[in-house]
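Chemist: sequence plus the predicted model coming up.
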Amino acid sequence: MVRIIKYVFYDLLRTRFILFYTAFLLVCTFAFFQLDGDFGKVVLSLLNIMLMAVPLVSVVFSTIHFFNSYEFIELMLAQPVNRKSVFLSEYLAVASSLSLAFVAGVGLPFLLYGAWQPVATLMVTGVFLTWVFVSLAFFASVLTRDKAKAIGVALLFWFYFSLIYDGLLLWVIYTFSDYPLEKLTLSLIALNPIDLARIVMILQLDISALMGYTGAFYKNFFGSNLGILFSVSLLLLWIVLPMILAMRIFNKKDL
């Protein structure tokens, strides 16, 4: 299994897409530093890119890679290697390569400018989002043999969590604005990894005052040890559950 992970991982690092992804993040980060030397503002600008670009890149690249690797997967399964090992190897290699590209693209400029602390939480959150949407992409990939349909399902995941869910959440807040909704919105945020990452980053940047009373409630909760444990546990759950479901489908699937 380790050999398969190494082979796929090093092969992915040489692909143009990974190199372009890293270069894109490097250019964006350096550009933000040129526009404003305030580390907090740079992190906030990168946050807006991360919440949209990282999930999109993760679902699209992972789905395309899975279908392009079908012949390799079939070759591995013809050897004395079980399906679980092959699937996990592909998953770990893809998630690790995308995570490394993100960390290198965002972290290197901050190291050069001598500011590691402000971006640490951003990189950890970005890595979590990468693994979450790679899991969702692999889940979409095992649902069908049609590459176009799988990409469509993966993009639907991204579209729902990035845009549609926020609209539904706003509708609930405005419809029931006369009622205390702090605990309800906290529960609803747990159902969306992107919103969860956004709230954690905003609170880390100490601009929760812009969110009013609800922001104060989130700061009291997420700023505590319980809140940190809660958010990390939920993101881990978003990684593990789709991956386990995908692996079960893959183990029973007729290739």
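Modeler: All right, it came through fine. Numbering: from 1, shown residues only.
Chemist: low-confidence stretches in the stretch 151-255 of the chain?
Modeler: Flagging of the stretch 151-255 of the chain using pLDDT under 70 yields the residue ranges 177-183, 205-225, 227, 254-255.
Chemist: what about 80?
Modeler: Per-residue confidence for the stretch 151-255 of the chain (pLDDT under 80) gives these ranges: 166-167, 169-190, 199-231, 253-255.
Chemist: can you give me the helices in it?
Modeler: Using DSSP state H, counting those that start in this stretch, the helices of the stretch 151-255 of the chain run over 165-175, 182-189, 193-204, 212-222, 225-252.
Chemist: pick the most deeply packed of those.
Modeler: Compared across those, helix 193-204 shows the largest average neighbour count, a mean of 22 (mean count of other CB atoms under 10 Å). Every C-beta, even on glycine, is put in place using the N, C-alpha and C of the backbone.
Chemist: dump that one to PDB, restricted to CA.
Modeler: These are the backbone C-alpha positions of helix 193-204, laid out as PDB (Å, rounded to 0.1, in the frame of the first residue of the first chain):
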ATOM      1  CA  PRO A 193     -17.800  22.400   6.100                       C
ATOM      2  CA  ILE A 194     -17.200  25.600   4.200                       C
ATOM      3  CA  ASP A 195     -19.300  27.600   6.600                       C
ATOM      4  CA  LEU A 196     -17.600  25.900   9.500                       C
ATOM      5  CA  ALA A 197     -14.200  26.800   8.100                       C
ATOM      6  CA  ARG A 198     -15.300  30.400   7.400                       C
ATOM      7  CA  ILE A 199     -16.600  31.000  11.000                       C
ATOM      8  CA  VAL A 200     -13.400  29.500  12.500                       C
ATOM      9  CA  MET A 201     -11.200  31.700  10.400                       C
ATOM     10  CA  ILE A 202     -13.200  34.900  11.000                       C
ATOM     11  CA  LEU A 203     -13.000  34.300  14.700                       C
ATOM     12  CA  GLN A 204      -9.300  33.700  14.500                       C
END
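Chemist: run the chain-centre distance for that helix.
Modeler: Helix 193-204 has its C-alpha centroid displaced from the chain centroid by 12 Å (CA atoms, centre = their mean, to the nearest Å).
Chemist: check which helix or strand the residue nearest the centre of the chain maps to.
Modeler: Residue closest to the mean C-alpha point of the chain, counted by CA atoms, centre = their mean, is residue 129 at 1.8 Å. Assigned by DSSP states H and E, residue 129 belongs to helix 117-142.
Chemist: distance check, the residue nearest to the centre of the chain against residue 187.
Modeler: Plainly put, residue 129 is 20 Å away from residue 187 if you go by CB to CB, to the nearest Å.
Chemist: related to what we said a few turns ago, which pLDDT value does the model give the residue nearest to the centre of the chain?
Modeler: At residue 129, the model reports a pLDDT of 93.
Chemist: near the nearest residue to it once chain neighbours are set aside, how many other residues are there?
Modeler: Distances taken as CB to CB, 6 or more residues apart in numbering put residue 54 closest to residue 129, at 5.0 Å, once the chain neighbours are dropped. With neighbours defined by other CB atoms under 10 Å, the count for residue 54 comes to 26.
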